[in-house]
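# coordinates only, sequence not included:
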C-alpha cells in the first residue's frame, strides 16, 4: 500500500485541535505507541530511506516495513504490515538474522477523522508535538497530496517535517530513555 | 529451544513402521508440509549453517529460524518459531529486506510417539524416505542424544544423514518442482 502523508511541527496543539473540530473533524481514538526500530545487517536504512520497526500498541504488536519516500514534499512511501503474535520470539529471530534495535520512539497519539483524511496529533517523547495528515488508502498520489497539503495550509502549519521521528531522534543524538514508559 | 534430533535414510518404510509399532509407538498424525527456504541478504547460510524458512501446513504458516548445529553426529540446533498470520505480507516484507526464496521442500510426514521421543517418517519429494527422531523438549543434549541414536540403532538404520533436506536438494542441483503440490 502507498501511504500518502505529511507532517508539520505544532507550536500550539490546543489551537490546532479547536480548528480541526471547527472544520468538522471528530476525535476517533487516543493511544500510546511504542516503536522499536531495527538496523539492517548489511544495508544502511538511513541511506536507502527505508525502515523496519515493531510497534507495540494496546497489547498488540505489528512488524512494519517502510520503503523509500516517493515524493519530495510529503512522506509518501510503501508500507507493509505484518501482525505479530509472539513478540518475544520475533525479537529473538530478528536478532539472530543480524537485525539490531537502534532506537525506540514513544508517543501519545490522538487520532482525528476529517472527511477521508486521517489526522494524528503526536506528542513524541523527547521531540515535541506534531500534526500528521494522511490521505485515504487507495487515493492517488497527486490527489492525496493536494488534500494533505491543503489541510496543513488551512491550519496555518508551515513548518513541514519530512524526517521521521526516528531520524529526528537519531539526529538529536539520543534515543528516548525507556525507563518511564 | 535446543532441538536434539537425528535422521537416517530409510530403505524399507513399511518394515520400520512395523518395528516402531512393535516397540510401542503410536501414530500421532499425518500431514503435508511445504517449506520455503530463504537466503540471507549478506550472510551465506550454507556456510554459517543457519536456515530461515516459512512452513505452510494445514492452512497455518510459521516462520522458523534454525541456528548452527551444535553436535557432530546429530542435527541438534537452536530453533526459533514465530506463527505467521499474514503469509503474503510477510513474504513481501522478507523480499524487501533482501531475503529471497532459494528452494521449496515438500514432504508427506507421518508422526509417531515412542515414550518421550518424536519419530517422523518423511517422504520427501525428489529425495526419498527418511526417519527423523527427536528428543523431548527440555531434555539435556547428552541424554537426548543417547536416546535418539539408540532408537536408530535398534531399528537397524545406519545411514545417518546430518544434512538438511534443503542441503540435500541443493546438492542434487535442483529444487523440487512446485506444480503438483
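Nice, I can see it. Keep in mind that this is a model prediction, so the values were computed, not measured.

# what's near enough to touch the closest residue to chain B within chain A?
For chain A, the residue closest to chain B is residue A:42, as judged by Cβ to the nearest Cβ, at 3.2 Å. (Glycine included, C-beta is placed from N, CA and C.) Counting by Cβ atoms under 8 Å, 6 or more residues apart in numbering or on different chains, residue A:42 makes contact with A:98, B:41, B:42, B:98.

# Now which of those would you call buried?
Buried residues within the contacts of residue A:42, counting neighbours by 16 or more other Cβ atoms under 10 Å in any protein chain shown: residue B:41.

# just checking, the residue of chain A closest to chain B is part of a helix?
No: if the criterion is DSSP: H, G, I helix; E, B strand; the rest coil, then residue A:42 is coil and not within a helix.

# In chain A, where is pLDDT below threshold?
A:1, A:73-75, A:173-181 (pLDDT under 70).

# Residue numbers of it in contact with chain B?
Chain A has residues A:40-43, A:50, A:52, A:63, A:65, A:67, A:78, A:80-86, A:89-90, A:92-93, A:96-98 near chain B, with proximity defined as Cβ under 8 Å from any Cβ of the partner chain.

# try 7 Å this time
A:40-43, A:52, A:63, A:65, A:67, A:80-83, A:85-86, A:89-90, A:92-93, A:96-98 (Cβ under 7 Å from any Cβ of the partner chain).

# Next, count neighbours for residue A:93.
18 (other Cβ atoms under 10 Å in any protein chain shown).

# Could I get the contacting residues of residue A:81?
If a contact means Cβ atoms under 7 Å, 6 or more residues apart in numbering or on different chains, then residue A:81 has A:62, A:64, B:89 as its contacts.

# Show me where chain A has its strands.
A:2-3, A:5-9, A:26-39, A:51-57, A:60-69, A:77-84, A:100-114, A:117-124, A:128-134 (DSSP state E).

# out of those strands, which comes closest to residue B:155?
strand A:77-84 (40.9 Å; Cβ to Cβ).

# Any buried residues in that closest one, and which?
A:77, A:78, A:80, A:82, A:84.

# ok, now stretch A:93-100?
A:93, A:94, A:97, A:99.

# Tell me what angle the longest helix anywhere in chain A forms with strand A:100-114.
Assignment by DSSP state H gives helix A:141-154 as the longest helix of chain A. Using axes from the mean of the first three to the mean of the last three Cα atoms, to 10 degrees, one finds that helix A:141-154 and strand A:100-114 are set 80 degrees apart in direction.
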